[in-house]
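Visitor: Here you go, sequence then predicted model.
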Amino acid sequence: MNDRRAADDASASSDALARWLADAAGAKSVRIVGYARLGGGAIQDNFALEVDVDGGPWHGAHRWVLRTNPPSSVTASASRADEYEWLRVAHDAGVLAPKPLFLCRDPSVLGREFFVMERLPGVAAGHRLTRDASLVPDADALVFALGANLARIHSIRPSTPRPSPAGGRGRTPTSSAPPSDNPALVTIATYREWLDCLDDAYPALEWGLRWCERNAPSEYDVTLVHRDYRTGNYLVDDGKLVGVLDWEFAGWGDPREDIGWFTARCWRFAAREREAGGMAAVEPFLAGYRSVSSRSISRADLDYWQAMAHIRWAIIALEQARRHRREPSLELALTGRIVDELEYEVLRLTGSHAT
Amino acid sequence: MNDEPTHDRDVPDAASLLTSAREALLADVMPSLDASSRYTALMIANALAIAARDIALGPDALRQEVERLRPLATESVAPSDPDTVDVHVLRRIVAAAIRAGRFDDAPHAQSLVTALTRIAEDRLAISNPRALRE
């Protein structure tokens, strides 16, 4: 039902989109040759956009991605404008990610905010990458590159000077205020707020949060964190990392949060025994990270931030399950049923050293 | 479960219907599907399996959860209060007590984690038995 409505929206507004793109690209005109929904985004709507640009710096044929808001979204999700800015900041810092091209904040064009970015080749599907060894002949090299790329994201700090983008569209993402306290504690407070918005209470998640609160790291950095850096959200082409997708949750935080998320058991797909995202052991991933960053990551750090990762995913999964009430979907409904497994993992990670 | 009304003895019950539906989907329908429909069919098969296990195990798991949460709730509020058998109320009492730090010390933490792990295992036996380890 949503597919059909979005497609109707798209055809009704394709003229407006073509005119807007021509203006944004400084072209005489833009012809939209292809416009099709891309699979995989449970939270955002992505469309493959193929265009013929006539005149200006973009003259020629291009394959882009148009990314826009779905009819409803989860608490953690930022606006398209914020996501566009983080993507631009990261791309400028040499992070492998799709190059952001144009941002449209005018809802009269498509009915919602959207941005356009370059379309990278490759496979992202986690269940394929973790099963089909022919897609990743050298998994150690891939996770090394993923570690190095993550460390490049974490080299961006609130104090990092940022050039204003061409055209004077520079802005600071509204989600950009750096935390004034230990980011782990700020994160715990946020998760409690999210839990308090649910109809039921979750003792196992509360236990996990209390454990994380009492064991919060005393020393920390504040850097850019991606907050969804995991298998399924990066593209692998010809066995190599080409770019990290889905920047909608990016913001300032403790860089170890991303490392826990990437290595968490819940994001290992078909290969639960391979700690680095179901692709390889954790050592080559951390070696890649260390090739760019001097930050050291201990086993205790991994356990702590993996517990935090499972708590986060459990709460988001509960929100998606609630979304199923408004937008019935088998995928969202089943997401609600993975919460049991996530709670079990939180207890396993925190229970052996209970206090 | 002896106190609950039983269904017909000769006719398959709800769990049995769901199990048969799942087997027919996987054996007869799956092979003729293309890749994207196959993904949907696998999700349907998974949903049918969870529903069948929930019918079989859910009521008992819920009763067990109440029994496991009650002593924890009794410890954490005024002793007269939690005579309730409403699992949602018990979850809320225990969750609030955890957040307030009433299970911080080692013996309390240990009995809490043991109880919560049993509850999680019972629920996992319904939603994803393969995830149960050790």
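Guide: Looks like it arrived, so ask away.

Visitor: Tell me which other helices or strands the longest helix seen in chain B touches.
Guide: Counting by DSSP state H, the longest helix found in chain B is helix B:35-76. Other elements packing on helix B:35-76 under the criterion 3 or more CB pairs under 8 Å, 6 or more residues apart in numbering or on different chains; DSSP states H and E are helix A:330-336, helix B:14-24, helix B:87-99, helix B:106-127. Yep, even glycine has a C-beta here, placed from its N, CA and C like the rest.

Visitor: Can you name the next helix or strand after the first one?
Guide: I take that to be helix A:330-336. helix A:339-351 (DSSP states H and E).

Visitor: so where's chain B uncertain?
Guide: B:1-7, B:76-83, B:133-134 (pLDDT under 70).

Visitor: oh, I was asking about chain A
Guide: In chain A, residues with pLDDT under 70: A:1-13, A:40-44, A:70-78, A:161-176, A:353-355.

Visitor: so where do the helices sit in chain A?
Guide: A:2-12, A:14-24, A:80-92, A:107-110, A:126-129, A:139-153, A:183-196, A:203-214, A:256-263, A:282-290, A:299-326, A:330-336, A:339-351.

Visitor: buried set for the longest one?
Guide: Yep, that's helix A:299-326 we're talking about. A:301-321, A:323-324 (16 or more other CB atoms under 10 Å in any protein chain shown).

Visitor: Now do it against helix A:339-351, angle only.
Guide: 160 degrees (axes from the mean of the first three to the mean of the last three CA atoms, to 10 degrees).

Visitor: Check the second one too.
Guide: Computed by the same axes, to 10 degrees, the angle separating helix A:14-24 from helix A:339-351 equals 40 degrees.

Visitor: returning to that earlier point: let's have the helices of chain A in TSV, adding distance to chain B.
Guide: TSV is the format used below for those (distance: least, CB to the nearest CB, whole Å):
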stretch	distance to chain B
helix A:2-12	12
helix A:14-24	25
helix A:80-92	27
helix A:107-110	25
helix A:126-129	9
helix A:139-153	24
helix A:183-196	7
helix A:203-214	4
helix A:256-263	18
helix A:282-290	19
helix A:299-326	11
helix A:330-336	5
helix A:339-351	4
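
Visitor: Distance of the closest residue to A:Leu198 other than its chain neighbours relative to A:Trp194?
Guide: The shortest distance from A:Leu198 to any residue other than its chain neighbours is 5.7 Å, reached at A:Leu318 (CB to CB, 6 or more residues apart in numbering or on different chains). Distance of A:Leu318 to A:Trp194, given as CB to CB, to the nearest Å: 8 Å.

Visitor: phi, psi of the closest residue in space to B:Ser20 that isn't next to it in sequence?
Guide: The spatial neighbour of B:Ser20 that comes closest, neighbours along the chain excluded (CB to CB, 6+ apart), is B:Pro12 at 7.2 Å. Dihedral pair for B:Pro12: phi -60, psi 140, per degrees, to the nearest 10.

Visitor: Nearest to B:Ile93, out of the helices of chain A?
Guide: Closest of the helices of chain A to B:Ile93 is helix A:203-214, at 9.2 Å (criterion: CB to CB).

Visitor: Distance from that closest one to the middle of the chain?
Guide: Offset of helix A:203-214 from its chain centre (CA atoms, centre = their mean, to the nearest Å): 24 Å.

Visitor: May I see the buried residues of that helix?
Guide: Neighbour-count burial for helix A:203-214, counted by 16+ other CB under 10 Å, picks out A:203-213.

Visitor: got the CA coordinates for that helix in PDB?
Guide: Only the C-alpha atoms of helix A:203-214 are listed here, as PDB (Å, rounded to 0.1, in the frame of the first residue of the first chain):
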ATOM      1  CA  PRO A 203      13.100  -5.400  33.400                       C
ATOM      2  CA  ALA A 204      15.900  -7.000  31.500                       C
ATOM      3  CA  LEU A 205      16.600  -3.800  29.500                       C
ATOM      4  CA  GLU A 206      16.300  -1.700  32.800                       C
ATOM      5  CA  TRP A 207      18.900  -4.100  34.300                       C
ATOM      6  CA  GLY A 208      21.200  -3.600  31.400                       C
ATOM      7  CA  LEU A 209      20.900   0.100  31.600                       C
ATOM      8  CA  ARG A 210      21.500   0.200  35.300                       C
ATOM      9  CA  TRP A 211      24.600  -2.100  34.800                       C
ATOM     10  CA  CYS A 212      25.900   0.300  32.100                       C
ATOM     11  CA  GLU A 213      25.300   3.200  34.400                       C
ATOM     12  CA  ARG A 214      27.200   1.700  37.200                       C
END
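
Visitor: Is B:Val85 in contact with B:Leu69, as I believe?
Guide: No: B:Val85 lies out of contact with B:Leu69 (CB atoms under 8 Å); the separation is 9.8 Å.

Visitor: now A:Arg31, which residues is it bridged with?
Guide: Beta-bridge partners recorded for A:Arg31 (DSSP bridges): A:Asp52.

Visitor: Show the contacting residues for it.
Guide: A:18, A:51-52, A:54 (CB atoms under 8 Å, 6 or more residues apart in numbering or on different chains).

Visitor: Kindly report the same for A:Asp54.
Guide: Neighbours of A:Asp54 in contact, by CB under 8 Å, 6+ apart: A:27-31.

Visitor: If any of these are buried, give me the ChimeraX selection for them.
Guide: To isolate the buried members of these in ChimeraX, using 16+ other CB under 10 Å:
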select /A:27,30
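
Visitor: closest point of the stretch 1-150 of chain A to chain B, which residue?
Guide: Nearest to chain B in the stretch 1-150 of chain A, going by CB to the nearest CB, is A:Gly39, at a distance of 7.8 Å.

Visitor: can you pull the contacts of that residue?
Guide: Each residue near A:Gly39 by CB under 8 Å, 6+ apart is listed here: B:Ser36.

Visitor: Over to A:Tyr220?
Guide: A:182-184, A:254, A:256.

Visitor: Now do the phi/psi pair for it.
Guide: Main-chain dihedrals, A:Tyr220, degrees, to the nearest 10: phi -160, psi 160.

Visitor: repeat for A:Asp246
Guide: Torsion angles, degrees, to the nearest 10, at A:Asp246: phi 60, psi 70.

Visitor: what's the neighbour count on it?
Guide: Look at A:Asp246: counted by other CB atoms under 10 Å in any protein chain shown, it has 24 neighbours.
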